[in-house]
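In: Fold the following for me, if possible:
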Amino acid sequence: MTMEPPVADPVVQPSPPASIPDTPAGRTLKSALALLGGDMNALQEKDFAPSFLKAVPMAQLRSVAAETFREHGAFTLVEVMEGAKENALVARVRSTKSDKHHLLRVGLDAQGQIETLLIQPDTMVAVPALKNWKELDALASRVSERAAIGVFEIVPALADNGGEARTIRTIHVLNGEESLAIGSTFKLWILGALAERVRAGEIAWDQKLAISAERKSLPSGVLQNRPVGEELPISEYALKMISISDNTATDHLLHHVGRTRTEAFMRAHTSVPERNTPMLSTRDMFALKLSGSDELPKAYLAASEAQRREMVEVGGKVSSVTPQLLLAAFWKAPRFIETLEWFATPVDLAKTFATLDGLMDEPGNGPLITALTANPGVPMSKTVWTRIAFKGGSEPGVLNLTWLLMRDDGRKFVLTLGFNDTRKEIDHGVGTALAARSAELLERWDRVPAREEKDPLKIQTP
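Out: Here you go, the predicted model:
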C-alpha cells in the first residue's frame, strides 16, 4: 500500500523495546495500525495534511487500507526503529495473516497533520547478511538485466594549486566503468553546481526564488502544489530536491543555476558527458516519455545537440508539452532507458561525491550538508556512520542508490549500486535491502584493530 510517491525511506537500525512511544508520531502509528486492522474510522480527514489528501483522497486511502487488510489481515507491532522523533518514525510490523514483515512510516507536518503514511514489505529479512563483496556481486546480478556497483574510499590529495583536494581509491567494483541510467541521482550535479555558484558569491542560500508555472513538474515532491509566485529560499529548494527528490524544486534550481553551468559540473565528473547533454529537466523527461506517442522522443534522439537545445528551451517542441499525471499513473514499463535518461558510471558518482564532500567542509555550506543528510535512504547504524549523505533515483527499469558515508573511525566512503532493466520494473525493495546489507559489510571492512597499550617500564617475565 503506497500512500505517497515511493522515494527511498529514512529507515535506521532497530532498537528495543517494541512499544509505541507516547509522542504525536506514536499516537498516529497506533491509529494507522487500527486503520490497517479494519477500523476505517481510525483516521479522519482532519488528521491529514491538505498536500497528502490532494495526492491520496480519503476514499482512496480507505479503499487501499481495506484491500491491505483483506490481503494481510491486521498488523502487529514488532518494533519501533531507532531514530524515532516526535513527528516521524518507522516501525517494523508483522502481518497476522501471512506472517510477513513490513515497514510502516509515519510523518507529521508542523501542524501535527499526517503528510507521510507509507507501508511497504521489509525485504531486509529476505536478503541475507553479506560475507564478502563477491556475494554482493552475485546477488546484484540477479536483481536486473544490468548492474553496476562501486565501493570507494575518499582520500586526501594535492590540488593543482597546491591546496587540499580529494580523490577516490577503489575498494571494489562490479562493472565500474559501465554507464547506466541513474534517475534522480543526477540532481547531485545540480546541487554541486549550485554550491559552486554560492562559493563564487553569485547565489546565496537565503536568496528567495519564486515558484514559476513553467518550472512545475510531476511528483515526486510537493512544490508542484504550491501557488505560482510564492517565494522560497534557495536552501529550501535544495533540501526538497535531495531529501524527497522534489522534481519541481529540481527544475527551478536547474534553470536558476543554469543548464550550461550544471552541464559543466557534470562534465568535470563524468566519462560520458555527451549522454547528458543538453541536461534534461525532470519536466523535459516527463514530456519526452509521457507525450502519448513515440514520435517526440524519436525526433529528439535523431536531432543534433544544437537542435535538442532548441527543443528544450522555452517554446521548443519538448518544453511546450505539458506532462500528464494520468499518463504517469500507467507508466509501468521501461521506456527509452538506454537513450533518454541521465547516465553515470559508479566511478563518476564517486568523483561527484568526493567533490561534494569538499564543498560540505567549506564555511557557510550548512544548507548543503542539511540537504544531503536529511534522508539516509536505507537502514544504517547512526553509531557507526557519523555522517550519511544520500541520493537515489528511479523510474520503471531504473534504480540507483548512492551514498557518501563517514565511518566512526574517520574514514569516508562512497557506496553506489545501480540497476537497469529494459524488460521489466526493478524490485526496489530487494535493491534497497541489498544496499543496506552492503553498508553493513562496509561497516566491518578493513577495521584497524585497537592497539594494546603497554607500559614501557613494566618488566616482562616469562
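In: Output the biggest strand by length in the chain in CSV, but only the C-alpha positions, please.
Out: Longest strand in the chain by number of residues, with DSSP state E as the criterion: strand 146-158. Taking only C-alpha atoms (Å, rounded to 0.1, in the frame of the first residue of the first chain), the coordinates of strand 146-158 have been written out as CSV:
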residue,chain,number,x,y,z
ARG,A,146,22.5,-4.9,-15.9
ALA,A,147,24.1,-3.9,-12.6
ALA,A,148,27.0,-1.7,-11.7
ILE,A,149,28.4,-1.4,-8.2
GLY,A,150,31.2,0.7,-6.7
VAL,A,151,32.7,0.9,-3.3
PHE,A,152,35.3,3.6,-2.9
GLU,A,153,37.3,5.4,-0.2
ILE,A,154,37.7,9.2,-0.4
VAL,A,155,41.3,10.1,0.4
PRO,A,156,43.2,13.4,0.6
ALA,A,157,45.1,14.5,-2.4
LEU,A,158,47.1,17.6,-3.5
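In: So for the worst-scoring helix or strand of the chain on mean pLDDT, what gets flagged as buried?
Out: Using mean pLDDT, DSSP states H and E, helix 325-329 stands out as the lowest-scoring helix or strand of the chain, at a mean of 81. With burial defined by 16 or more other CB atoms under 10 Å, not one residue of helix 325-329 is counted as buried. Yep, even glycine has a C-beta here, placed from its N, CA and C like the rest.
In: ditto for stretch 177-185
Out: Judged by neighbour count (16+ other CB under 10 Å), stretch 177-185 contains these buried residues: 178, 179, 180, 181, 182, 183, 184, 185.
In: still on that earlier bit, could I get the average pLDDT for the next helix-or-strand element following the least confident helix or strand of the chain?
Out: Sequence-wise, the next helix or strand downstream of helix 325-329 (DSSP states H and E) is strand 343-344. Averaged across strand 343-344, pLDDT comes to 98.
In: Give me the sheet partners of strand 343-344 and which way each runs.
Out: Based on DSSP bridges, the pairing partners of strand 343-344 within the sheet are strand 180-181 (antiparallel).
In: Now do the partner strand: distance to the chain's middle.
Out: 15 Å (CA atoms, centre = their mean, to the nearest Å).
In: Identify all contacting residues around stretch 212-228.
Out: Taking contacts as CB atoms under 8 Å, 6 or more residues apart in numbering, the residues outside stretch 212-228 that touch it are 5, 7, 51, 54-55, 184, 210-211, 232, 237, 240, 244-252, 255, 281-283, 286, 314, 319, 323, 325, 328.
In: about what we covered before: output the least confident helix or strand of the chain as CSV, nothing but the C-alphas.
Out: Extracted as CSV, the C-alpha positions of helix 325-329 are listed here (Å, rounded to 0.1, in the frame of the first residue of the first chain):
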residue,chain,number,x,y,z
LEU,A,325,-0.1,12.9,-14.3
LEU,A,326,-2.7,10.5,-15.6
LEU,A,327,-0.3,9.0,-18.1
ALA,A,328,2.3,8.8,-15.3
ALA,A,329,0.0,6.6,-13.3
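In: Quick one: end-to-end distance for stretch 272-287.
Out: Across its full length, stretch 272-287 reaches 24 Å end to end, with CA to CA, to the nearest Å as the criterion.
In: What residues of that stretch count as buried?
Out: 273, 275-287.
In: can you check stretch 368-377 too?
Out: Within stretch 368-377, the residues that qualify as buried by neighbour count (16+ other CB under 10 Å) are 368, 371, 372, 373, 374, 375, 376, 377.
In: swap in stretch 359-366?
Out: Buried residues in stretch 359-366, counted by 16+ other CB under 10 Å: 359, 360, 365.
In: got the contact list for the residue nearest to residue 413 when sequence neighbours are not counted?
Out: Closest residue to residue 413 apart from its sequence neighbours, by CB to CB, 6 or more residues apart in numbering: residue 405 at 4.8 Å. With CB under 8 Å, 6+ apart as the criterion, the residues that contact residue 405 are 380, 385, 387, 388, 389, 412, 413, 414, 415, 439, 442.
In: show me where the stretch 51-200 of the chain has helices.
Out: 58-72, 133-143, 187-199 (DSSP state H, counting those that start in this stretch).
In: right, and these - which one's nearest residue 337?
Out: Within the helices of the stretch 51-200 of the chain, the stretch nearest residue 337 is helix 133-143; the backing value is 14.9 Å (CB to CB).
In: most centrally placed residue in the protein?
Out: For the chain, the residue lying nearest the average C-alpha position, counting by CA atoms, centre = their mean, turns out to be residue 392 (3.2 Å).
In: Correct me if wrong: that residue contacts residue 188.
Out: No. Judged on CB atoms under 8 Å, residue 392 makes no contact with residue 188 at a distance of 10.4 Å.
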